[in-house]
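A.B. asks: need a structure here:
(2 chains)
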There are 2 protein chains.
Amino acid sequence: MAEKLGLSTATVSKALKNYPDINKQTKQRVLDLAASLNYQPNSLAQGLRNKESKIIGLIVPKIVHHFFSNIIAGAIQAAEKNGYLVIILQTNESFELEKNHLKRLIEKNVDGILLSLSDKTTQHKHINQIIEGGVPVVLYDKISKLVNCSKVIINDQKAAYNATKYLIDTGCRKIAHIRGDLKPQTTIDRFKGYKKALLDNQIPFDQSLVYTCKSLSFEEGFKIAKKIVNDHKDVDAVFAFTDLVATGVLKRLHELNIKVPNQISVMGFSNWFLTKITTPTLSTVQQPGYEMGQQAFEILLKDIVTNKKGNPIIPEIIEIPTYVIPRNSTKKLVSVLK
Amino acid sequence: MAEKLGLSTATVSKALKNYPDINKQTKQRVLDLAASLNYQPNSLAQGLRNKESKIIGLIVPKIVHHFFSNIIAGAIQAAEKNGYLVIILQTNESFELEKNHLKRLIEKNVDGILLSLSDKTTQHKHINQIIEGGVPVVLYDKISKLVNCSKVIINDQKAAYNATKYLIDTGCRKIAHIRGDLKPQTTIDRFKGYKKALLDNQIPFDQSLVYTCKSLSFEEGFKIAKKIVNDHKDVDAVFAFTDLVATGVLKRLHELNIKVPNQISVMGFSNWFLTKITTPTLSTVQQPGYEMGQQAFEILLKDIVTNKKGNPIIPEIIEIPTYVIPRNSTKKLVSVLK
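C.D. replies: The predicted model follows:
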């Protein structure tokens, strides 16, 4: 083509790729010739030839959410380093949207998919079919044992165990737990960790100290806090399964003139940014979204490469470590040890 | 093909699109025949034929950021309704990344691009070339007059004017302003609005009451608050150009035992989620990210359609309305009117 047009191959190649530094008329001449030769001049066509789009899909339950924002940032950063672009979709916890999004990503010929299951997802045929169809999927955060693929998780049970243990170690004995809905495994695991920490430390488990959130919101925490102190005059700690709810608890206790942490300690979960700016600052569990997004992409890339070579993917489970971040809503460990 | 295989056209079409509800063996038969006929069975190929990818690019300065998260959510929601997918990229305020991201999106044959300029972007050739090359671009939030395309903005000057006016109307007279860097137009416009509100209300402008943030952070607000009260014993309000900085101010004033709003009123800007959970809650200006993302996509789609029809795009500027949200960090309007 370059010969025919009297141009350099570099210019033709740039014109075909629609680089902005090529003169408009030159570009048109190249494109006209390409059309007459039935040449498909963009990277979509190149992608088709390699059977690669260099695009992956990332499905999150919620976009406006500190933890998932961090996951998006981590995944995009890692993808960029490796020459991949990322299409983002949000399920808003809807099973129907999850199915539709996956279908659309497959239609767009993505090279792989990162997926956190919606809270409403109870069957997994739609995911298993994609994996069987040869498109690697990595589940992150909200996963299921019924899908055979690589997964990136935190150990929610261990994390909640450590958070509860921290409350016990600072002298708390009557610890209420605010848990989430029954569906996602994370909320079940956090509850299990709470319960286990009590039992391991000779504190009897009391079901009446466990409260279930209808929605994951500041307002729910605000509402439930009042209920807790009404139901249990002697409660000395509240462990909420997520920071947003814990900040609602903080706010209500403040309004009820209950001193935190002296009368009631409060522990959150996730280390959202907002935990640093509440009064008092909120003790919480670090849930590293950025690292999770990064590692989820990296393992997906590994699976994509394995798949391309025609080798079978051997699913891996990566566990990202968590730890308690003590701030001012819980008592100090040292003062207890004195 | 359907005839040849003894299948329905729907089944063949679904198999070609890799729908999960088609039997694996059937799918293989269809794909084998498609391959022998040199048929390219995915939507990339379909996209190539229509010269449409049904994918757009969305470039944000930052992903982990309440306002931009909302923009992403709004744009993705509107895109989804119209059958488009969205590739997200982050510039992290780097001009080089902005250029690279745009180039990569063009290589991927996106149908259009939504872009908020990085703080370091001072020349716009790279954007103008894309527009001249026939790919519609819509600028949102951080824009430039030197790019001739549709834009979605808020009127930062008017918004800051109203915020300052609110402080004046509640009795404040010595109002400090914390502003951002000199680069992005938004921070200049907010400063201008602050200054104009003072002058329109017979309050002399005092340059020593204007403080510049080095970084947009909680810590900066925390640091500058101390400086403000040291420099000006009689300051009675602080208007920060963004909520994150304002919450730092709140925190420091609390530690310095200065009563908010009785001694010093504090006003933020953006209505981030965190403004509802500070003690006291933060008065602020509503900056509607979700609506901005939505409208940015809608105007881009209009431009894409216009372009496809071969008509010239007539750039539009859409202004999303803002308003002051009074909370507990400012005095009440009514008590002044009494």
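A.B. asks: Convert the C-alpha atoms of the host helix or strand of A:Ile106 to CSV, please.
C.D. replies: Following DSSP states H and E, one finds A:Ile106 within helix A:95-107. What follows is helix A:95-107, C-alpha atoms only, in CSV (Å, rounded to 0.1, in the frame of the first residue of the first chain):
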residue,chain,number,x,y,z
PHE,A,95,-28.6,-11.1,39.4
GLU,A,96,-30.3,-10.2,36.2
LEU,A,97,-27.8,-7.4,35.5
GLU,A,98,-24.9,-9.7,36.4
LYS,A,99,-26.1,-12.1,33.7
ASN,A,100,-26.7,-9.4,31.1
HIS,A,101,-23.3,-7.8,31.8
LEU,A,102,-21.5,-11.0,31.3
LYS,A,103,-23.3,-11.7,28.1
ARG,A,104,-22.4,-8.3,26.7
LEU,A,105,-18.8,-8.6,27.7
ILE,A,106,-18.6,-12.0,25.9
GLU,A,107,-20.2,-10.4,22.8
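A.B. asks: which residue ranges form the helices in chain A?
C.D. replies: A:2-5, A:9-16, A:24-36, A:43-50, A:66-81, A:95-107, A:125-132, A:156-169, A:185-200, A:218-231, A:243-255, A:289-308, A:333-337 (DSSP state H).
A.B. asks: Could you see whether chain B lies near the helix holding A:Ile106?
C.D. replies: Yes. Helix A:95-107 reaches chain B (Cβ under 8 Å from any Cβ of the partner chain) through A:103-107. C-beta coordinates here come from the backbone N, C-alpha and C atoms, glycine included.
A.B. asks: Closest to the centroid, which residue in chain A?
C.D. replies: For chain A, the residue nearest the mean C-alpha position is A:Phe68 (4.5 Å; Cα atoms, centre = their mean).
A.B. asks: Outline the domain layout of chain A.
C.D. replies: In terms of domains, chain A is parsed into A:2-41, A:54-154+A:289-322, A:156-286 (source: automatic domain parsing).
A.B. asks: Pick out the residue of the stretch 51-200 of chain A closest to chain B.
C.D. replies: Nearest to chain B in the stretch 51-200 of chain A, going by Cβ to the nearest Cβ, is A:Gln129, at a distance of 3.5 Å.
A.B. asks: of all the residues in the stretch 101-250 of chain A, which ones are close to chain B?
C.D. replies: Neighbours of chain B within the stretch 101-250 of chain A, by Cβ under 8 Å from any Cβ: A:103-109, A:125-126, A:129-130, A:132-133, A:218, A:247-248.
A.B. asks: returning to that earlier point: which residues in the helix holding A:Ile106 does the neighbour count mark as buried?
C.D. replies: Within helix A:95-107, the residues scored as buried using 16 or more other Cβ atoms under 10 Å in any protein chain shown are A:95, A:97-99, A:101-107.
A.B. asks: Stretch A:234-251 now?
C.D. replies: Going by neighbour count (16+ other Cβ under 10 Å), the buried part of stretch A:234-251 is A:235-251.
A.B. asks: which residues of the stretch 101-250 of chain A score low on pLDDT?
C.D. replies: The model of the stretch 101-250 of chain A has pLDDT under 70 over residues A:183.
A.B. asks: Go again with 90.
C.D. replies: Within the stretch 101-250 of chain A, the ranges that satisfy pLDDT under 90 run A:119-122, A:145, A:180-187, A:214-217.
A.B. asks: as a whole number, average confidence for stretch A:15-27?
C.D. replies: Mean pLDDT, computed over stretch A:15-27, is 72.
A.B. asks: Quick check: end-to-end length of that stretch?
C.D. replies: Counting by Cα to Cα, to the nearest Å, you get 5 Å between the two ends of stretch A:15-27.
A.B. asks: what does stretch A:145-161 give?
C.D. replies: Stretch A:145-161: ends 22 Å apart by Cα to Cα.
A.B. asks: can you check stretch A:88-99 too?
C.D. replies: Note: stretch A:88-99 ends 14 Å apart using Cα to Cα.
A.B. asks: How far does it sit from its chain's centre?
C.D. replies: 14 Å (Cα atoms, centre = their mean, to the nearest Å).
A.B. asks: now stretch A:189-208
C.D. replies: Distance of stretch A:189-208 from its chain centroid, counting by Cα atoms, centre = their mean, is 26 Å.
A.B. asks: One more: stretch A:166-181?
C.D. replies: Distance, stretch centre to chain centre, for stretch A:166-181: 25 Å (Cα atoms, centre = their mean).
A.B. asks: Go through that stretch and flag the buried ones.
C.D. replies: By neighbour count with 16+ other Cβ under 10 Å, stretch A:166-181 contains the buried residues A:166-172, A:175-181.
A.B. asks: Tell me which residues are up against stretch A:125-138.
C.D. replies: Stretch A:125-138 is contacted from outside by A:98-99, A:102-103, A:106, A:110-115, A:139, A:147-152, A:296, A:299-300, A:303-304, A:307, A:313, B:18, B:20-21, B:24, B:27, using Cβ atoms under 8 Å, 6 or more residues apart in numbering or on different chains.
A.B. asks: which of these are buried?
C.D. replies: In those, burial by neighbour count holds for A:98-99, A:102-103, A:106, A:110-115, A:139, A:147, A:149-152, A:296, A:299-300, A:303-304, A:307, A:313, B:18, B:20, B:27, counting by 16+ other Cβ under 10 Å.
A.B. asks: Now for the closest residue to A:Ile258 other than its chain neighbours: which residues touch it?
C.D. replies: Spatial nearest neighbour of A:Ile258, excluding adjacent residues (Cβ to Cβ, 6 or more residues apart in numbering or on different chains): A:Ile264 at 5.7 Å. A:Ile264 sits next to A:229, A:235-238, A:253, A:258 when contact means Cβ under 8 Å, 6+ apart.
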